[in-house]
Every structure is written in structure tokens, then in C-alpha cells.
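J.: I would like to see how this sequence folds:
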Amino acid sequence: MASAACSAFASHSCGLVAYVCDQTTITLQSPNDAWTAGTYGLAVTMDGTSAQCSVQMPDPPAAGGVQGNCGSNTNLTLALTTVDTAHPIVCNGGACQGMSATPIPGHFQLTLGIRSLPTEVGLNLSLNGNAVMSETIVPKTTTDEPNGEGCGTCTNASATVSVAGG
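T.: The predicted structure is shown next:
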């Protein structure tokens, strides 16, 4: 029986591309992708566990973004990242290129990375100690087979939250 299963995939080879799985990415977007200078604090609650992150927003932000601080919590990252324009993937005779992106000058978003797949995430964002946004979200999970059918699955989650007072 095992040889039958192997022969079914004899003409199929799995790619060797390494993917990061079991990650959640939450994007916080402000109007016009602009953020007020100051210190942003982000209190995060994930499935009952609390954590705190912060990021100092300079005026103007650095062209490459700003890395935040989540203390000793190594399961979280917070950063001011550039908003990019994606260039399409172009394929010719089975050879594909693309997947590049170009930053849009002056456009930024806050990106929270979580090294797990929480079912619910509470977000409380403040600027210089004043509340800006409070919301509880359920990130959307997606599972795919990035190295091809039968080569293993990868599950990640994501959500985008609008911040009116960013």
C-alpha cells in the first residue's frame, strides 16, 4: 500500500522553500497611512494572556520604519513598517519572477507579529498615554500547501484593524 501512495507522487516533487507557519500578523492602519509622532503603547490580550509593547514614533518616521519593544515577551514583535506596492508575479514557460515590493514614501502601518495562532486578540492602543483604539478581533486563519500538494500544510492568521486616531 505504501508503494502505491509513493508512486502516485512519483511525478511530483516537493519544493524546498522554507515557510514560517503558526504565525499571526495584525496590521494597524491609520487614515492616509500617517502616524502622529510620539510613544505608542499597545496592550495585547491573547486567549487570556496579557502583554505590552511600545514603539517610539519619530517625526518624520525613518524611511525603513521603526522597531518597537515588547519587553521580554519573545512571542511578540511590534514595528512601524512601510506600506508597499506589490509588483505582480510574471511567469514565462514555467519560470516565475516577481514578488517584489516598493515602499510608498511617507506611508506606514503598525505591524504586530504573534508567534502563535490565538483565537481572539484584544488590542488597546494609546499615544503618549491617551487611549486611541480598543478592539477585540478574531484573526482569520488560512491553511495552504506552500511547497505543493502533498508536501505538508502551513497555517497562519492575519487581521487588519483601522485606527482612526493614529
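J.: now the element after the strand ranked longest in the chain, going C-ward?
T.: In the chain, assigned by DSSP state E, the strand with the most residues is strand 101-114. Going down the chain from strand 101-114, the next helix or strand is strand 121-127, by DSSP states H and E.
J.: got a list of contacts for that next one?
T.: Identification of contacts with strand 121-127 by Cβ atoms under 8 Å, 6 or more residues apart in numbering yields 24, 26, 28, 36, 38-46, 110, 112, 114, 131-139, 159, 161, 163, 165-166. Glycine gets a C-beta too; all of them are placed from N, C-alpha and C.
J.: re the thing from before, got the angle for the longest strand of the chain vs strand 121-127?
T.: Strand 101-114 and strand 121-127 meet at an angle of 110 degrees, taking axes from the mean of the first three to the mean of the last three Cα atoms, to 10 degrees as the criterion.
J.: start the count at 34 instead of 1 going forward.
T.: Noted, 34 is the first residue going forward, which turns the last one into strand 134-147.
J.: re the thing from before, of the contacts of strand 154-160, which belong to strands?
T.: 57, 59, 61, 71-79, 143, 145, 147, 164-170, 192, 194.
J.: can you say which of the residues you listed are buried?
T.: Using 16 or more other Cβ atoms under 10 Å as the burial test, the ones in strands among the contacts of strand 154-160 include 57, 59, 61, 73-75, 77, 79, 143, 145, 147, 165-166, 192, 194 as buried.
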